[in-house]
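Q: Kindly generate the corresponding structure for this input.
(2 chains)
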Amino acid sequence: MTGPGATHRANAKRRSLIIVASVLVIVGLVSFLIQLSGSHPERAWQAYLINFLLWSAIAQGGLLFSAVMHITKARWSQPLQGLSESFAAFFPISFVLFLLLFLGSDYIFPWVDHDLHGKETWLNLPFLFSRDVTGLLVLYGLGLGYLYYALRLRREQIQPKGRIRSLLLEQWSKDQKDAAWCRSRMSLFSVLYIAAYALVLTLIAFDLVMSMEPHWFSTLFGPYHFVKAFYVGLGALIILASFFRLSQGEKSGLSVSHFHDLGKLFFAFCLLWADFFYCQLLVMWYGNISEEMRYVIQRTMIQPWNTLAWTVFVLCFIIPFVILLGQKVKTKPIVMAVLCSAVLVGIWLEHLLLLGPALNHDVTSVPLGFGDGLISLGFLGLMTIAVAGFLNLFPQAALVEAKGVNG
Amino acid sequence: MADRSYVFGLFRDGNQAAAAIKALRDAPWNIDRVHSPFPHHGIFEALRVKKSRVGYFTLAGGVFGFFAGLALSIFTAVQWNLIVSGKPIVALIPFFIVGFECTILFSVLGNIVGFLTQARLPDFRGLKVYDPRCSEDRFGVVASCAKGEQEGLKAFFRERGGEVLLFDSSPVTADDGNAPHV
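A: Below is the predicted model of the structure:
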């Protein structure tokens, strides 16, 4: 931003982005309500659940990047951390979305009013919602706590404009704590956030994904879910970083090597995700117990789901694996943004693959329609508003100029 | 090549060596070889070396290894045709592990082969134009010029902070006459 003209243009751009995102949210909301009042309300809730899981995972995994980089005292990642932290702005939205999920509990939990053979003590709605709400409160509380101290550390770069920023800056100016104190608080919260991330995402995966087939279980399912969340979090971070690099160029503080390193990390988690899938598959294959294999066979060998399974595998593993083998491609923001978007779509479909067979019995084609896409766009709009709004308040440039965020 | 002289510039500082290499590009002399005790980014840049091709050897090794591993496990399984716990004879899910392990093994072997061929090793003749200090803490730049022009090249290296060694004959065919004189 050099002159008032440039600032004006940037503001106009930002405003139009927010308007587009708001339109997306309205479109998503309207199509959700239309489906809800139609003949298949369960389809609307299914799309809602898939999107809640995916976009929350993006937010949780997105912030995890900054926490991990802080705790490992990384130096290379500083300009990326501001972007990573912006995903935490989705936390409050994600929490409200989870509370709204309660309204659809009749449609999304096939085990309600079923004989669960002793699992009722764990699988009942009041206990499920109370433990998940508590878990999410802890996770999001720790994440926002980390964010609070991360912002406080770079308070000198924050402009005292608007109510929120003035209030925060006033608060921080009362007791002059030095940078080392802020950093130690960040370290504390990042460790706690990382631990809570693993535990709470495991809980969410067990309760909202695995419980759909109440008699099936896999102990590794929780880790599989939180590795996947970091995978999509990194993917979303690459998309956001590409957007900044392409629109601001050098000024974004993002260089070719940032994209290269981030691409390597994304590649690694692509492999880890596939590895966690394979670890579960191999054990089940050897055991060949009918109640375990039924889940796998239904999804990977029987029409229509097997087509979806292969689509997911190709989109989320084969394509990224082959493309990311090369070094140069990781440094190209446009290519990486397209690839990461494909992976995000793939993970959306993967949630459909995990949830779909339990929620749709005796279907001849994959239950995927135009309405699902529109509802997903609504969630995309919500995420855009959260991230853009946060970066409006606390520009990422503040972090590029700050020194020694990770100590 | 016997009519060329080889001048060896030894530098304490990698950046000096890199600057000398850059300047040599515009000079009438040839850069023959550069010795570095450790990888130095400035020197890589100055030399404008092409990207190493070792990666292709690694990739080829890995692809070969994956299929070799699968083939090994399938081949051994069909020799006996024993059905164990109702599993198919050719069971791809566990055979994938053998394929994966062989991918890694053959990638490593391919990498070594690639390194050896790309670095033209083993080299039994040894380097005639060499100073052992290049394996310690000095950067060596070898430049060649037509016989009789050595003085210019020597001055060139001295100007840039280098210590100069002179070799008279070519680095390959040198015999007795190759003792360096400073």
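Q: What's the separation between A:Asp261 and A:Glu291?
A: 43 Å (CB to CB, to the nearest Å). Where C-beta positions appear, they are placed from N, C-alpha and C, glycine not excepted.
Q: Compare these two and say which is more crowded by neighbours.
A: Shown here are A:Asp261 and A:Glu291; by other CB atoms under 10 Å in any protein chain shown, A:Asp261 has more neighbours (17 against 10).
Q: Would you mind listing what in chain B touches chain A?
A: B:Leu59, B:Ser85, B:Gly86, B:Lys87, B:Ile93, B:Pro94, B:Phe96, B:Ile97 (CB under 8 Å from any CB of the partner chain).
Q: Mark which of those residues are buried, thanks.
A: Buried subset of those (neighbour count, 16 or more other CB atoms under 10 Å in any protein chain shown): B:Leu59, B:Phe96.
Q: Nearest to A:Leu246 among the residues of chain B next to chain A?
A: B:Leu59 (30.1 Å; CB to CB).
Q: Using CSV, write out every CA atom in stretch A:318-334.
A: Once non-C-alpha atoms are left out, stretch A:318-334 reads as follows in CSV (Å, rounded to 0.1, in the frame of the first residue of the first chain):
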residue,chain,number,x,y,z
ILE,A,318,-2.1,-40.9,-6.8
ILE,A,319,-2.3,-37.4,-8.4
PRO,A,320,-0.6,-35.5,-5.6
PHE,A,321,2.0,-38.2,-5.2
VAL,A,322,3.0,-38.2,-8.8
ILE,A,323,2.9,-34.4,-9.3
LEU,A,324,4.7,-33.6,-6.0
LEU,A,325,7.6,-35.9,-6.8
GLY,A,326,9.0,-33.0,-8.9
GLN,A,327,10.8,-30.1,-7.2
LYS,A,328,9.8,-27.3,-9.5
VAL,A,329,6.1,-27.8,-9.4
LYS,A,330,6.0,-27.2,-5.6
THR,A,331,7.3,-23.6,-6.2
LYS,A,332,4.5,-22.7,-8.6
PRO,A,333,1.7,-21.1,-6.6
ILE,A,334,-1.0,-21.5,-9.3
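Q: Pull out the buried positions in that stretch.
A: For stretch A:318-334, by 16+ other CB under 10 Å, it's A:Ile319, A:Pro320, A:Ile323, A:Leu324, A:Lys330, A:Thr331, A:Lys332, A:Pro333.
Q: among the residues you listed, which are in helices?
A: A:Ile319, A:Pro320, A:Ile323, A:Leu324, A:Pro333 (DSSP state H).
Q: so what's the third one up against?
A: A:Ile323 makes contact with A:Val329, A:Val335, A:Leu339, according to CB atoms under 8 Å, 6 or more residues apart in numbering or on different chains.
Q: just checking, the second one touches A:Leu324?
A: Think A:Val335. No - in this structure, A:Val335 is not within contact of A:Leu324 by CB atoms under 8 Å, at 10.1 Å.
Q: how close does A:Leu53 get to A:Ser84?
A: Going from A:Leu53 to A:Ser84 by CB to CB gives 20 Å.
Q: Please say which of those two ends up with more neighbours.
A: A:Ser84 (28 against 24).
Q: Is the more buried one in a helix, a strand, or coil?
A: helix (DSSP: H, G, I helix; E, B strand; the rest coil).
Q: my guess is it contacts A:Gln60, does it?
A: No - A:Ser84 lies out of contact with A:Gln60 (CB under 8 Å); the separation is 11.4 Å.
Q: ok, which stretches of chain B are helices?
A: Using DSSP H, helices in chain B cover B:14-26, B:41-47, B:54-80, B:92-118, B:150-159.
Q: Helix B:150-159 and the first one, what's the angle between them?
A: Orientation note: helix B:14-26 sits at an angle of 150 degrees relative to helix B:150-159 (axes from the mean of the first three to the mean of the last three CA atoms, to 10 degrees).
Q: What is helix B:14-26 packed up against?
A: On a contact count with 3 or more CB pairs under 8 Å, 6 or more residues apart in numbering or on different chains; DSSP states H and E, helix B:14-26 meets strand B:4-11, strand B:30-35, helix B:41-47, strand B:139-146, helix B:150-159.
Q: tell me which residues of the shortest one are tucked away?
A: Within strand B:30-35, the residues that count as buried by 16+ other CB under 10 Å are B:Ile31, B:Asp32, B:Arg33, B:Val34, B:His35.
Q: Please produce CSV containing these, extended by pLDDT and distance to A:Phe230.
A: CSV is the format used below for these (pLDDT from 0 to 100; distance: CB to CB, whole Å):
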residue, pLDDT, distance to A:Phe230
B:Ile31, 85, 47
B:Asp32, 83, 50
B:Arg33, 85, 46
B:Val34, 88, 42
B:His35, 88, 44
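Q: Can you check the pLDDT for A:Gly5?
A: Confidence at A:Gly5, expressed as pLDDT, is 60.
Q: swap that for A:Ala397, please
A: With respect to pLDDT, A:Ala397 has a value of 62.
Q: what sits against A:Leu64?
A: Contacts of A:Leu64 by CB under 8 Å, 6+ apart are A:Tyr193, A:Ile194, A:Tyr197, A:Ala229, A:Phe230, A:Gly233.
Q: Please name the nearest non-neighbouring residue to the second one.
A: The shortest distance from A:Ile194 to any residue that is not its chain neighbour, by CB to CB, 6 or more residues apart in numbering or on different chains, is 5.6 Å, and that residue is A:Ala67.
Q: Give me the residue ranges of the chain where confidence is low.
A: Let's take chain A. A:1-8, A:10, A:396-403 (pLDDT under 70).
Q: oops, I was thinking of chain B
A: For chain B, the stretches with pLDDT under 70 are B:1-2, B:168-182.
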